[in-house]
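Student: Curious how this folds, go ahead:
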Amino acid sequence: MGNNKYIEYELTSDILCIGERVKKGTFKPCVKTIPFSSITGSLRDAFNMPNLYALGKFDPDYLDSIEQFRQVHIYSPRYVFEDVAKVPLQIEFLTEVKARVYIFLTGEAPESFIEKKENREFDITMGAFKSKGFCRCHLSFVRIIENPEINTGRLLSRIPENYMSYFGIRRVIKPVYGYLFEPTSKVSGKYIRALFEGSLIEGYDFLVKEEIDERS
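Tutor: Have a look, this model is predicted:
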């Protein structure tokens, strides 16, 4: 896909919970990136644009010191009919989040999208525990990226395999696989295989942490 353009936004959030997918256990950790599934779904809901695709990553300084922003919330869900608490869950969340988000549009030029004032700075909700005040995110337009460079490095986000070409991933050298949820309707969906952060790839420079060749 040649001549690609991407809209870059700065994302900030006071408190954010994007949980890791786990089948069992009472502790649910937080992911260390902004996955394609989370940000794309939130932005599509905000703009009602099915032709919008997005993913994100934490700012390098934030990611390097992420442990100081980790907090734990203890949540006790209840059985509806019996009104009895279930086994308490420990939910990890992040505070003072700083990240970058990259949007790819099909069927519309980025320039026309950001001409609208309401598209340059806005709020969305993303992640879990919205009813408890989590997951309010603020996005501010940074720039349009045109024809980004291709580098080899470690992927800094999570993206389904079938959308890799939208973000310039040309070659997967050493994958780290997982699964992301993809909705098929407003009430159902399925898990599809995805590349996770840490995968060694050849792709756009804003998506990778460049590998240093120690032989040079």
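
Student: Assign the residue lying closest to Arg143 once chain neighbours are set aside to helix, strand or coil.
Tutor: In space, and not counting its chain neighbours, Arg143 is closest to Glu8: 5.2 Å by C-beta to C-beta, 6 or more residues apart in numbering. Using the backbone N, CA and C atoms, a C-beta is placed for each residue, glycine as well. Secondary structure, DSSP: H, G, I helix; E, B strand; the rest coil: Glu8 is strand.

Student: how close does Glu8 get to Ala194?
Tutor: Distance of Glu8 to Ala194, computed by C-beta to C-beta, to the nearest Å: 22 Å.

Student: Compare those two (neighbour count), which wins?
Tutor: More crowded of Glu8 and Ala194, by other C-beta atoms under 10 Å: Ala194, with 25 against 16.

Student: Quick one: distance of stretch 141-156 to the chain centre.
Tutor: For stretch 141-156, the gap between its own C-alpha mean and the chain's C-alpha mean amounts to 15 Å (C-alpha atoms, centre = their mean, to the nearest Å).

Student: got it, and stretch 165-180?
Tutor: 14 Å.

Student: what does it contact?
Tutor: Counting by C-beta atoms under 8 Å, 6 or more residues apart in numbering, stretch 165-180 makes contact with 1, 4, 6, 21, 35-37, 53, 55, 102, 104, 148, 150, 152, 155, 158-160, 164, 191-204, 207, all of which sit outside it.

Student: give me the beta-bridge partners of Tyr177?
Tutor: Beta bridges link Tyr177 to Leu195, judged by DSSP bridges.

Student: Show me the helices in this structure, by range?
Tutor: Secondary structure of the chain, counting by DSSP state H: helices at 36-47, 60-64, 110-114.

Student: Flag every buried residue along the lengthiest strand in the chain.
Tutor: Criterion DSSP state E: the longest strand present in the chain is strand 89-105. Applying a neighbour-count criterion of 16 or more other C-beta atoms under 10 Å, one finds 91-94, 97-105 buried in strand 89-105.

Student: ditto for stretch 142-158
Tutor: The neighbour-count check on stretch 142-158 (16+ other C-beta under 10 Å) flags Ile145, Pro148, Asn151, Thr152, Gly153, Arg154, Leu155, Leu156, Ser157, Arg158 as buried.

Student: OK, contacts around the fifth one?
Tutor: Gly153 sits next to Leu200, Ile201, Val208, Lys209, Glu210, Glu211 when contact means C-beta under 8 Å, 6+ apart.

Student: Please list only the buried members of the residues you listed.
Tutor: Buried among the contacts of Gly153 (16+ other C-beta under 10 Å): Leu200, Ile201, Val208, Lys209.
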